[in-house]
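Enquirer: Got a predicted model here, sequence first, then my questions.
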Amino acid sequence: MTSRELFDRAIEVVLEHEGDTYTDNPADRGGPTKFGIAQRWNPDLDVKSLTRAQAIEVYWERYWHGHRYEFLPEVIAIKVFDLAVNLGHKTAVTCLQRALHACGLRVAIDGIPGTETCGAAEQADQTALMAALRSEAAGEYRLRVAHSADQVVFQGGWLNRAYA
């Protein structure tokens with residue numbers, strides 16, 4: 001499977017979680033958002049007028065391409081990418097690396113999906129790794145709320161995403 005083919009599968013999961021509605025929730029640190037693309041992190045875009053096709057290309061160019069997701073097992077790549085959209089790339093990969101530790105595979109916890117991390121993800125029992133990854137993501141979301149009580153409004157949706 002090519003990187004683009006894997007991305008095409010992953011983006012459908014992301015868009016299902018993000019939806020297509022323009023929102024401007026004052027508690028959202030990304031500011032105005034549509035398709036999960038935040039104005040604050042993409043100041044050169046008019047997110048309010050984004051089409052689905054444009055959003056997909058933004059995700060390909062800015063959020064997928066060059067991040068090495070294609071070197072992970074398919075279901076893990078899709079999950080890590082979905083989490084990266086919301087948590088950030090480095091944090092999502094750190095969750096994966098902690099999940100690998102939970103599965104007994106020692107890798108550096110550095111937020112970089114290098115050869116060691118990708119190889120360990122291939123070796124891991126995929127069911128156990130996915131369970132551990134979901135748990136790590138949920139823990140990360142809970143920490144965010146613990147550190148910033150104003151983010152509690154997002155906790156339910158975040159936990160649904162973690163465990164999806």
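Expert: Arrived safely, thanks for sending.
Enquirer: For the protein, just list every one of the strands.
Expert: Assigned by DSSP state E, the chain shows strands spanning 33-34, 37-38.
Enquirer: deepest of those, which one?
Expert: Among the strands of the chain, ranked by average contacts under mean count of other Cβ atoms under 10 Å, first place goes to strand 33-34 (a mean of 24). (Each C-beta comes from the backbone N, C-alpha and C, glycine too.)
Enquirer: on contacts alone, who are the packing partners of it?
Expert: On a contact count with 3 or more Cβ pairs under 8 Å, 6 or more residues apart in numbering; DSSP states H and E, strand 33-34 meets no helix or strand.
Enquirer: distance between that strand and the chain's centre?
Expert: Put simply, strand 33-34 sits 16 Å off its chain's centre (Cα atoms, centre = their mean, to the nearest Å).
Enquirer: Can you list the neighbours in contact with that strand?
Expert: Under the criterion Cβ atoms under 8 Å, 6 or more residues apart in numbering, residues 20-25, 39, 47-48, 50, 55 lie in contact with strand 33-34.
Enquirer: For the residue nearest to L133 when sequence neighbours are not counted, give me its contacts.
Expert: Distances taken as Cβ to Cβ, 6 or more residues apart in numbering place A99 nearest to L133, at 4.1 Å, with adjacent residues excluded. Counting by Cβ under 8 Å, 6+ apart, A99 makes contact with 129, 132-133, 135-136.
Enquirer: mind checking how far A99 is from K90?
Expert: Using Cβ to Cβ, to the nearest Å, A99 is found at 15 Å from K90.
Enquirer: And for A137?
Expert: 14 Å.
Enquirer: is it true that H17 touches R161?
Expert: Yes: the pair H17 / R161 is scored as a contact, 5.3 Å apart, by Cβ atoms under 8 Å.
Enquirer: residues shared between the contacts of the two?
Expert: Common neighbours of H17 and R161 (Cβ under 8 Å, 6+ apart) are 82, 86.
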